[in-house]
Structures are given as structure tokens and as C-alpha cells.
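Student: Fold the following, please.
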Amino acid sequence: MKIGPGWCEEDGRHSGVWPEQGVRPKARRGGILAGRRQPARKEASGRGRDLGPHSGWAGNRAGGRPGRRRAGQAAGAAMAPELFLDLYSPPCRAVYIFARKNGIPFALRPVELGRGEHLKPEFLKVNPLGKVPALRDGDFLLSESVAILLYLSRKYQTAAHWYPPELQARARVDEYLAWQHAAIQLPAANVYLCKSLLPYFSGQPVDTTKLEQLLGKLTPSLQHLDQKVLVARPFLASEQLSLADLIAFTDLMQPTAVGCDVFQDRPRLAAWRARVEAALGPQLVQEAHRLVLQPRDPQLVQQDPQLAQELVQRLQERLC
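Tutor: Numbers count the residues shown, from 1 in each chain. A predicted model of the protein is given here:
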């Protein structure tokens with residue numbers, strides 16, 4: 001099923017010490033929620049250059065085609081991978097942050113799920129499943145955030161701490177990546193959809209009973225991270241930041257951004273969040289989360305009520 005912002009990519013499976021249940025959010029105001037500065041946008045896609053959240057895909061704003069690049073773009077940038085992202089989506093933010101943090105050259109192709117752009121024929125040529133993130137590197141197409149992160153890490157030989165070469169350290173990262181889909185990503189996204197997206201498209205108040213049920217599904221996994229995993233080490237898989245931390249961080253920011261603070265009353269999880277933000281860089285974290293932290297434009301629903309009705313139906317089916 002394809003749906004608007006916050007839709008998870010895939011189901012996950014239980015692995016090792018990671019429990020199968022979901023999680024509950026609460027948290028303190030702090031970190032990137034405290035200051036919502038909007039970073040200056042620069043139109044560049046080279047290594048170490050700043051890519052604004054909506055630079056790149058001319059087709060979204062100016063009627064161009066997905067494969068068409070901006071006039072005057074550097075010749076070298078034409079060889080850079082294209083990343084099809086909606087920064088409302090946690091997996092998309094993880095890919096975006098990883099590429100920016102590691103100075104990986106890329107051309108950003110924004111895909112607005114709330115406008116149904118993931119269902120348009122031009123995007124379905126990139127990913128027939130109609131999901132983001134997606135990558136196009138020449139003639140090579142790739143979907144699923146974990147696969148894209150691993151592809152970029154290998155192609156650009158990023159620092160070893162992201163995906164450690166040592167057998168057991170790598171296995172710990174793999175363990176979290178296998179566990180998180182159903183335990184963290186899905187329930188955290190559902191909280192966001194219930195609290196923010198469904199009321200936005202339907203015009204109805206938040207269903208507080210349903211919200212509490214969804215938070216309850218998230219709680220066991222949050223408790224596991226706070227009371228088990230982070231007791232043993234400062235990060236989820238090792239002594240250093242890894243792909244596991246990046247993916248978990250963007251997932252847990254989704255409900256937190258709409259007032260369901262998953263870090264509140266969980267001191268180890270809150271301290272972990274601060275360590276991850278510091279390691280990634282507060283400015284980059286703020287840049288990637290700018291959209292999800294600001295109110296949605298109410299005129300979007302009015303512009304396409306048929307699309308809004310379709311999204312409401314899909315959201316209700318998912319959350320029932």
C-alpha cells in the first residue's frame with residue numbers, strides 16, 4: 001500500500017535480543033525541537049556542498065521531467081547519484097543526513113507524498129512500488145533505505161564506524177536494522193499519522209483513544225532501548241555512531257515532532273539522542289527535520305480534495 005508522508009517502507013522481523021513489540025513516546029523539549037531555524041538554501045550538489053531540502057528535481061515545481069537537471073548544473077554533478085526523497089519521511093531523512101554528513105555528491109529529487117507525486121508515472125519508472133526513498137545511479141535503480149545507505153557507504157567508502165568491518169560489531173548493526181522495521185519504524189510512524197496526518201487530511205480532531213493504543217504498541221521497544229541496550233553502550237550497536245543510530249534517530253523524531261515526546265522520562269534514551277545530534281551536527285539535523293517540525297500548509301488539502309479523501313481512506317485502513 002502506498003500512502004502519504006511518514007509511510008514506512010517495509011515490515012521487519014525479530015532478531016536476536018530485540019523484542020518484537022512496538023513502543024510508547026514521551027519526551028522533553030530540547031535538541032532540535034528547541035530552535036527551528038531554517039537553513040539557507042544553496043543550489044549545489046558537489047561533495048561538501050550544501051543541498052537545500054528542495055533543490056534538484058525541476059519536475060516538481062517547474063513542470064520538468066524527473067531526469068532533467070537544472071540548467072547550468074556542473075558537469076561533474078551529472079554523474080552523481082539521484083536521491084528521490086520526501087523529508088517528511090524518516091527513512092528519507094536518514095539517507096539525506098548520511099549523504100550530507102559524508103560529503104557524498106548527489107542530486108536531490110524531491111517527491112512530495114502529500115501531493116501524490118509518488119503515484120505519478122514518472123516516479124513509478126524509478127520505483128514501481130511507489131515508495132521513497134529511491135536512488136538512481138546512472139541506469140541502476142535501488143529502493144529501500146537500508147539498501148540505499150549500504151550502497152552509498154560501500155560506493156563512497158565512508159568511515160568504518162557507520163557499518164563496522166569487524167564481524168560481531170557489524171552483526172550488532174545488522175541486528176538492529178532487522179529488528180527496527182516492525183519494532184520502531186512502523187509504530188512510531190503510526191503515532192505520527194494518527195496525531196498529525198489523519199487530522200490534517202480529514203479535518204477531524206485527533207482520535208485520542210486510537211493514539212493511546214498506538215503509543216502503547218511503541219512503549220515496549222522504547223523501554224528495551226532505554227533499560228537494556230543503552231545500559232551496555234553509548235550507542236545502539238557499538239561505542240560509536242552507526243547506521244543503527246541514524247535510522248533510529250530519524251524514526252523517533254517523527255512522533256516527537258508532533259508532540260509525542262518519546263524521550264521524556266527515559267534518561268538513557270534522551271542522553272543517546274543528545275549524543276547522536278552532537279555526532280551528526282545540530283545544523284544538519286535541523287536542516288533535515290525542518291519540514292516535519294513546521295505546521296503543514298492547510299491550503300494543500302483544499303487544492304486537491306479528491307487526493308485528500310483517498311489518503312484519508314488509506315490512513316484509516318492502515319491504522320484500524
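Student: switch to C-alpha atoms for all contacts and neighbour counts from now on
Tutor: Fine.
Student: Tell me how far the host helix or strand of residue 277 lies from the chain's centre.
Tutor: Residue 277 belongs to helix 267-280 when assigned by DSSP states H and E. Helix 267-280 sits 17 Å away from the centroid of its parent chain (Cα atoms, centre = their mean, to the nearest Å).
Student: Please apply the same query to stretch 239-246.
Tutor: 15 Å.
Student: Pull out the buried positions in the helix holding residue 277.
Tutor: By neighbour count on 16 or more other Cα atoms under 10 Å, the buried set for helix 267-280 is 268, 269, 270, 271, 272, 273, 274, 275, 276, 277, 280.
Student: got the contact list for the second one?
Tutor: The neighbours of residue 269, taking Cα atoms under 8 Å, 6 or more residues apart in numbering as the test, are 225, 226, 230, 263.
Student: go on, the last one?
Tutor: When contacts are counted by Cα under 8 Å, 6+ apart, residue 280 is found next to 97, 101.
Student: So it versus residue 297, what's the distance?
Tutor: 29 Å (Cα to Cα, to the nearest Å).
Student: By neighbours, which of the contacts of residue 269 wins?
Tutor: Neighbour counts for those, by other Cα atoms under 10 Å, peak at residue 263, which reaches 25 neighbours.
Student: Give me the three-state assignment for that residue.
Tutor: For residue 263, the assignment made with DSSP: H, G, I helix; E, B strand; the rest coil gives coil.
Student: need the longest helix for the chain.
Tutor: Longest helix in the chain, counting residues (DSSP state H): helix 208-224.
Student: Now that helix - C-alpha only, PDB.
Tutor: Only the C-alpha atoms of helix 208-224 are listed here, as PDB (Å, rounded to 0.1, in the frame of the first residue of the first chain):
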ATOM      1  CA  THR A 208      -7.100  10.200  21.400                       C
ATOM      2  CA  THR A 209      -8.200   6.600  22.100                       C
ATOM      3  CA  LYS A 210      -6.500   5.300  19.000                       C
ATOM      4  CA  LEU A 211      -3.500   7.500  19.700                       C
ATOM      5  CA  GLU A 212      -3.100   5.900  23.100                       C
ATOM      6  CA  GLN A 213      -3.300   2.400  21.600                       C
ATOM      7  CA  LEU A 214      -0.600   3.200  19.100                       C
ATOM      8  CA  LEU A 215       1.600   4.700  21.800                       C
ATOM      9  CA  GLY A 216       1.200   1.500  23.800                       C
ATOM     10  CA  LYS A 217       2.500  -0.500  20.900                       C
ATOM     11  CA  LEU A 218       5.600   1.600  20.800                       C
ATOM     12  CA  THR A 219       6.300   1.500  24.500                       C
ATOM     13  CA  PRO A 220       8.000  -1.900  24.900                       C
ATOM     14  CA  SER A 221      10.600  -1.100  22.300                       C
ATOM     15  CA  LEU A 222      11.400   2.200  23.800                       C
ATOM     16  CA  GLN A 223      11.700   0.600  27.200                       C
ATOM     17  CA  HIS A 224      14.000  -2.000  25.700                       C
END
